[in-house]
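Undergrad: Next come a sequence and a model predicted from it.
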Amino acid sequence: MSSCKGLSRVWNQFFFTGFSGESLGLLRMYIGCGLLVFHTWQFATVLTLNPFGSMYYFLEPIWYFKVLGIQYHIPILSFITYVVLMAATVAMILGKWTRASIMVIILCIFYLKGVRDSFSGDVHHRYIIPMQILFLFLLSKCGEVHSRDASQHQFAPVQEWEASWPIKTMQLYVALFYFWSVIAKVRVSGWMWFAGEGRIQEVLIKRSVRWGVTGEGELVKNSLSFELAQHPELIQIFSHMVLAFELGFPLILFIKSVKLRAFFLAGVITFHISTFILMDVNFLLIPFVYLIFFDLVPIHAWLKVRASQIFGRRPSIAN
């Protein structure tokens, strides 16, 4: 009985404490700002098409396009959807019709991601984490603080438990996302994935020569990736570092020091930059979601003070 009470206390301490309503509202705003850049980065290839060009049938439509019967691409519809997506994201940042705005964002992402993946014939996973965060925002009271909705309606104060559970769930999901990626690697490729002459070397070689040849018949390659592929001992060292950080990612949930958390996440950011440069793994901008691991209230206050100093204005007591 005492063990059950102990587990319940640990559960409640983890999920329902640590953040205020202000923390949740600020997180919605800053994550929204990150999404503005992330959307454009992800759908840039779709936006390069002629909006008034011909309609094309999808040769390999993504699974939910098949279910919905979406068989071809209408270029102008993608541009309209992108504009709606960006407008809804701005509305989410401002906290205007917050829940409705988040729902529109999710639907627009599903459509534009479906278009992109149906063209490429592959399912990209870069929106998995942002979509889960958006879903948790949708279920939360993030629109009741630091929002236009709050200025127009008299909401009850957001309690600590109401603000904490969505943020703590986001943290847990991101930590497990990296942890389970190791399980996925082992399931698909076995422990050879982490060998010097295994999967990483193969991907390095493929990605280093993916751009084909020039008009003069010379091979266009990423010389850094190609050179690294010739050194399996270095690859094995790096692969073991990846194994350690992905398996150990959940430890961040127990790190109380803000500086240690920032140091750990800086290492993860370095990892994503490296894989983008060497292997063209396009998770380069995903680190904007790491804001969930920090209480943004003191950070926002510091930024306001710095902004007031830069623009020559002193912060008011009301702010």
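TA: Arrived safely, thanks for sending. Numbers count the residues shown, from 1 in each chain.

Undergrad: Contacts for stretch 167-182 next, please.
TA: Residues outside stretch 167-182 that contact it (CB atoms under 8 Å, 6 or more residues apart in numbering): 14-16, 18-19, 23-24, 27, 128-129, 132-133, 136, 243, 245-247, 249-250, 252-253, 268, 289-290, 292-293. In this view, the C-beta of every residue, glycine as well, is placed from N, C-alpha and C.

Undergrad: Ser147: what's its closest spatial neighbour, skipping adjacent residues?
TA: Once flanking residues are discounted, Ser147 sits nearest to Gly95: 2.1 Å by CB to CB, 6 or more residues apart in numbering.

Undergrad: Ser78 is in contact with Lys113, isn't it?
TA: No. In this structure Ser78 lies outside contact range of Lys113 using CB atoms under 8 Å: 11.1 Å.

Undergrad: all helices for this structure, in order.
TA: Per DSSP state H, the chain carries helices over the ranges 2-15, 21-42, 44-47, 63-68, 75-94, 98-120, 128-139, 148-152, 160-189, 199-208, 223-228, 232-248, 258-279, 296-310.

Undergrad: Tell me which of those helices approaches Tyr57 most closely.
TA: helix 98-120 (9.7 Å; CB to CB).

Undergrad: list the buried ones in that closest one?
TA: For helix 98-120, burial by neighbour count (16 or more other CB atoms under 10 Å) applies to 98-99, 101-102, 104-106, 108-119.

Undergrad: How far does that helix sit from its chain's centre?
TA: Remark: helix 98-120 is offset 14 Å from the chain centroid, using CA atoms, centre = their mean, to the nearest Å.

Undergrad: Would you mind writing the CA trace of that helix as PDB?
TA: Taking Å, rounded to 0.1, in the frame of the first residue of the first chain, the C-alpha atoms of helix 98-120 are listed here in PDB:
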ATOM      1  CA  THR A  98      -6.300  29.400 -30.100                       C
ATOM      2  CA  ARG A  99      -7.800  25.900 -30.200                       C
ATOM      3  CA  ALA A 100      -9.400  26.500 -33.700                       C
ATOM      4  CA  SER A 101      -6.100  27.900 -34.900                       C
ATOM      5  CA  ILE A 102      -4.200  24.800 -33.700                       C
ATOM      6  CA  MET A 103      -6.700  22.500 -35.400                       C
ATOM      7  CA  VAL A 104      -6.300  24.400 -38.700                       C
ATOM      8  CA  ILE A 105      -2.500  24.100 -38.400                       C
ATOM      9  CA  ILE A 106      -2.800  20.400 -37.900                       C
ATOM     10  CA  LEU A 107      -5.100  19.900 -40.900                       C
ATOM     11  CA  CYS A 108      -2.900  22.100 -43.200                       C
ATOM     12  CA  ILE A 109       0.200  20.200 -42.200                       C
ATOM     13  CA  PHE A 110      -1.500  16.900 -43.000                       C
ATOM     14  CA  TYR A 111      -2.400  18.100 -46.500                       C
ATOM     15  CA  LEU A 112       1.000  19.700 -47.400                       C
ATOM     16  CA  LYS A 113       2.900  16.800 -45.900                       C
ATOM     17  CA  GLY A 114       0.700  14.400 -47.900                       C
ATOM     18  CA  VAL A 115       1.500  16.300 -51.100                       C
ATOM     19  CA  ARG A 116       5.200  16.400 -50.500                       C
ATOM     20  CA  ASP A 117       5.400  12.700 -49.400                       C
ATOM     21  CA  SER A 118       3.200  11.600 -52.300                       C
ATOM     22  CA  PHE A 119       5.600  13.300 -54.700                       C
ATOM     23  CA  SER A 120       8.700  11.900 -53.100                       C
END
